[in-house]
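Asker: Kindly return the folded structure for what I paste below:
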Amino acid sequence: MGLFERYLTLWVILCIGAGILLGYLMPGLFSLIAAAEMAKVNLPVAILIWAMIVPMLLKIDFGALGGVKEHWRGVGVTLFVNWAVKPFSMALLGTFFLGSLFAPLLDAAQIPSYIAGLILLAAAPCTAMVFVWSNLVDGEPHFTLSQVALNDLIMVVAFAPIVALLLGVASISIPWETLLLSVVLYIVIPVIAAQVWRKALLASGGLEKCLAALRPVSLGALLLTLVLLFGFQGGEIVAEPLTIALIAVPILIQVYFNAGIAYLLNRRLGVAWCVAGPAALIGASNFFELAVAAAISLFGLNSGAALATVVGVLVEVPVMLSVVRIVRASKGWYEEGDAVTRSAS
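Answerer: Predicted structure coming up:
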């Protein structure tokens, strides 16, 4: 790692602080930026996400995607965590912490709405940002792309029934425009653009040089995204710090819990670390754009559900970076156990 990557956590903390401060001091500017959206998808953030993920997508050789079938165990683990564990564990955690333990400290009328927001957050696995997390743990890029594409397909049919079941609602209004536009913006367009660019770079022999030059651009876009996300909610964070901190508790536990399950199951099954790393990160992260849009659609802009999903946005990047550090730091331990599992089988 270079100097910039080595101190990434410090830059993240500074950008979070800068975002909160700027959002509090200049709410008008951030409101203007936040208004630049289409179907609840913020376009400036979308552009920054492109800057983050296109360098990762440049590494992918579509001719090698057929080899992903070798990683079927990693795919199975991630699907299990995303769809059979995460939404239900979040419902339990939200009910325990917000509905019971922290209830005396919260607005009683908003508690069911807070819990609903957490469920919406957990019911949709992340799409675009996982390319960043996978790259930071040297994950297998073809596995990451295939897993994200598979989750997107499942999300179209599974999101509404799971949310309806956990919220006890007979009919869920899915923000289809947000879901489809997000897939197009964060997956389809970047993948096509990256493959066209990759072909041109391979023809000129400049692929490796370009990847090296783009790495700081990608991380810089990540940090600027942090400034924007925290700037959008700067006033809210200053006004309701305790509520936001309490809502963040079940989100943090859920991320580490689900990442841990995915990571340990992959180790137990003898999956390679380059697959287990992104599998754990995909299993833990959330599709916050869809969650926020669904919360606003179902409960309203000023609801507790909308606030809960926004808290998910605020903690997403810092907590996922901490998971990245844990995965990288445990590589030796993981591979030692993987070697034992393989020899036993």
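Asker: Give me the secondary structure label for residue 31.
Answerer: helix (DSSP: H, G, I helix; E, B strand; the rest coil).
Asker: Check the gap between it and residue 37 for me.
Answerer: 12 Å (CB to CB, to the nearest Å). (Each C-beta comes from the backbone N, C-alpha and C, glycine too.)
Asker: backbone phi and psi for residue 272, please?
Answerer: Residue 272 adopts backbone torsions of phi -60, psi 150, taken as degrees, to the nearest 10.
Asker: number of nearby residues for it?
Answerer: Using other CB atoms under 10 Å, residue 272 has 18 neighbouring residues.
Asker: burial count for residue 32?
Answerer: Residue 32 is flanked by 10 other residues according to other CB under 10 Å.
Asker: Likewise for residue 256?
Answerer: That count, for residue 256 with other CB under 10 Å as the rule, works out to 14.
Asker: Over to residue 127?
Answerer: Neighbours around residue 127, by other CB under 10 Å: 26.
Asker: Just list the residues touching it, thanks.
Answerer: Residues counted as contacts of residue 127 (CB atoms under 8 Å, 6 or more residues apart in numbering) are 148, 151-152, 182-183, 186-187, 287.
Asker: Turn the residues you listed into JSON lines, including pLDDT.
Answerer: Below are the contacts of residue 127 laid out as JSON lines (pLDDT from 0 to 100):
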{"residue": "148", "pLDDT": "82"}
{"residue": "151", "pLDDT": "82"}
{"residue": "152", "pLDDT": "77"}
{"residue": "182", "pLDDT": "70"}
{"residue": "183", "pLDDT": "71"}
{"residue": "186", "pLDDT": "71"}
{"residue": "187", "pLDDT": "70"}
{"residue": "287", "pLDDT": "80"}
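Asker: quick one: which of these has the most company?
Answerer: Most crowded among the contacts of residue 127, counting by other CB under 10 Å, is residue 287 at 30 neighbours.
Asker: Distance of it relative to residue 293?
Answerer: From residue 287 to residue 293 the distance is 10 Å (CB to CB).
Asker: which parts of stretch 103-113 are buried?
Answerer: Across stretch 103-113, burial judged by 16 or more other CB atoms under 10 Å covers 106, 110-113.
Asker: In helices only, show me those.
Answerer: 111-113 (DSSP state H).
Asker: what ranges do the helices span in the stretch 101-250 of the chain?
Answerer: 111-122, 129-136, 141-167, 176-183, 189-204, 207-232, 234-239, 241-268 (DSSP state H, counting those that start in this stretch).
Asker: Enumerate every residue touching the closest residue to residue 149 other than its chain neighbours.
Answerer: Spatial nearest neighbour of residue 149, chain neighbours left out: residue 187 (7.0 Å); criterion: CB to CB, 6 or more residues apart in numbering. Residue 187 makes contact with 127-128, 148-149, 152, according to CB under 8 Å, 6+ apart.
Asker: Could you work out the most separated pair of those?
Answerer: The largest separation in those, counting by CB to CB, is between 128 and 149 at 12.1 Å.
Asker: higher neighbour count, those two?
Answerer: residue 128 (21 against 16).
Asker: Residue 31 and residue 37: who's more crowded?
Answerer: Higher neighbour count among residue 31 and residue 37: residue 37, with 17 against 13, using other CB under 10 Å.
Asker: Give me the neighbour count for the nearest residue to residue 43 once chain neighbours are set aside.
Answerer: Excluding the flanking residues, the one nearest residue 43 by CB to CB, 6+ apart is residue 36, at 5.0 Å. For residue 36, the neighbour count with other CB under 10 Å is 12.
Asker: right, and the helix or strand after the host helix or strand of residue 74?
Answerer: Applying DSSP states H and E as the criterion places residue 74 in helix 72-80. Next in sequence after helix 72-80, counting helices and strands by DSSP H and E, comes helix 86-96.
Asker: on that earlier part again, wait, which of the contacts of residue 187 is closest to residue 227?
Answerer: The closest of the contacts of residue 187 to residue 227 turns out to be residue 128 (CB to CB; 17.9 Å).
Asker: The closest residue to the closest one other than its chain neighbours and residue 57, how far apart?
Answerer: Of all residues not flanking residue 128 in the chain, residue 186 sits nearest, at 3.6 Å (CB to CB, 6+ apart). From residue 186 across to residue 57, the span is 11 Å (CB to CB).
Asker: try residue 310
Answerer: Distance of residue 310 to residue 57, given as CB to CB: 28 Å.
Asker: Could you do residue 196 as well?
Answerer: In terms of CB to CB, residue 196 sits 11 Å off from residue 57.
Asker: Much appreciated, bye for now.
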